[in-house]
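A.B. asks: I would like to see how this sequence folds:
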Amino acid sequence: MDRLQSMRVFAKVVEQGSFVRAGQLLDMSNAVVTRHVADLENHLGTRLLNRTTRRLSLTETGHAYLERVVQILQEVEDAEAIASAQAKKPAGTLRIYSHVGFGQLQLAQLLPQYAGAYPDVILDVTLGDHSVDLVESGLDIGIFIDFQKFDASMIARQIAVCEVLLCASPEYVKRHGEPSVPEDVSNHVCLNFSYDQLRHYWPIASKGDGVTNIPVRSRMFSNSGDVLRHSTLAGMGIMIRPSFALGDDLATGRMVRLLPDHHLGKLSVVMVYPSRRLLSAKVRSFVDFMTERFPEPDSDPWLACKDGRHL
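C.D. replies: Numbering: from 1, shown residues only. From the prediction side, this is the model:
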């Protein structure tokens, strides 16, 4: 039998001074109540209750055992109350993993809004560009770009797509001009991500045609978008960058989009979490928060630009 349930039955028998009354309150037959107490005594190897036809009394061991049982049952009740309250109200530590670029440039702006709405939630945020096992790493939720791998058993919800764009600083354009067709990119200085698939060719697509692999001449390679961005702003060359990482630079005119009728692919932004079943309130609140802020998951919300160029 369930040991904890047997403890509850034993405590209720002592409280009521009767097997029959304890059974009535617990909705159990007298035989079941008796068996619970007998199982406890057999497990402990000692008698807890002295029984006569008229009354029950605790043995010396029963007195000591009852004292601890009452404490244990109270602690269990307190723990269940805490767990139940947290299941209903967002609270505790929410551990989030995010793609580093999205985390720095988008999530960082959203987290203060979430924190203001849910003051009892403590945020623990990790950024990276590698694949990660959420469960093994003790994480509650992840924001991934679709080239990052995650466990297929996870719940995955796309929140947005972003186009990969070609851009440069106005100073670079003034000195070197703009490419008018994708093939012109080969004649420009390129600042490149250090991914094998991009080192020698950029796959540039137009809205009406297919993808063309354009040979590129790279002056810099880096795995850091920030390093490439600062070099691009300094007029060192042209770069490729996802739309979510370009909004402010384009809006303020610090960068301009090149070949506006073309892009270098589309990336999905995906929110991942372990399970829909018994989802904690803190995770559910964050899922709902992000879903509300990205209501059109199949569109690119970062393609509006205030510098006069439609992206």
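
A.B. asks: rest of the way, CA atoms for contacts and neighbours
C.D. replies: Fine.

A.B. asks: in the helix or strand containing residue 74, which residues are buried?
C.D. replies: Under the criterion of DSSP states H and E, residue 74 resides in helix 60-88. Across helix 60-88, burial judged by 16 or more other Cα atoms under 10 Å covers 62, 66, 69, 73, 87.

A.B. asks: what of stretch 256-276?
C.D. replies: Buried-residue list, stretch 256-276, by 16+ other Cα under 10 Å: 256-260, 262-265, 267-274.

A.B. asks: related to what we said a few turns ago, and the least confident of the buried residues of helix 60-88?
C.D. replies: On pLDDT alone, residue 87 ranks lowest of the buried residues of helix 60-88, at 65.

A.B. asks: coming back round to it: remind me what the helix holding residue 74 packs against, helices and strands.
C.D. replies: helix 3-16, helix 281-293 (3 or more Cα pairs under 8 Å, 6 or more residues apart in numbering; DSSP states H and E).

A.B. asks: if you set the cut-off to 10 Å instead, what comes out?
C.D. replies: If contacts are counted by 3 or more Cα pairs under 10 Å, 6 or more residues apart in numbering; DSSP states H and E, helix 60-88 sits against helix 3-16, strand 49-51, strand 56-58, helix 281-293.

A.B. asks: residue 234: which of these is closest?
C.D. replies: helix 281-293 (33.1 Å; Cα to Cα).

A.B. asks: and the pLDDT for the residue nearest the centre of the chain?
C.D. replies: The centroid of the chain falls nearest to residue 141 when counting by Cα atoms, centre = their mean (1.5 Å). Note on residue 141: pLDDT of 93.

A.B. asks: isn't it right up against residue 99?
C.D. replies: No - between residue 141 and residue 99 there is no contact, the gap being 11.8 Å when judged by Cα atoms under 10 Å.

A.B. asks: which residue packs closest to residue 281, ignoring adjacent ones?
C.D. replies: Distances taken as Cα to Cα, 6 or more residues apart in numbering place residue 90 nearest to residue 281, at 4.7 Å, with adjacent residues excluded.

A.B. asks: next one: phi and psi at that neighbour?
C.D. replies: Note on residue 90: backbone dihedrals following degrees, to the nearest 10 are phi -60, psi 120.

A.B. asks: what do you get for residue 92?
C.D. replies: phi 90, psi -170.

A.B. asks: which stretches of this protein form helices?
C.D. replies: With DSSP state H, the ranges of helices along the chain come out as 3-16, 19-26, 30-44, 60-88, 100-102, 108-117, 170-176, 225-233, 247-252, 281-293.

A.B. asks: between those, which has the poorest average model confidence?
C.D. replies: Lowest mean pLDDT within the helices of the chain: helix 60-88, at a mean of 81.

A.B. asks: list the contacts for the residue lying closest to residue 7 once chain neighbours are set aside?
C.D. replies: Take residue 7 and drop its neighbours on the chain: the residue closest to it by Cα to Cα, 6+ apart is residue 69, 6.5 Å away. Contacts for residue 69 (Cα atoms under 10 Å, 6 or more residues apart in numbering) come out as 4, 7-8, 10-11, 63, 75.

A.B. asks: the residue found closest to residue 92 once you drop the neighbours it is linked to in the chain: neighbour count?
C.D. replies: Using Cα to Cα, 6+ apart and skipping residues adjacent in sequence, the residue nearest residue 92 is residue 121, 5.1 Å away. By other Cα atoms under 10 Å, the residues close to residue 121 number 20.

A.B. asks: I'm done for today, thanks for sticking with me.
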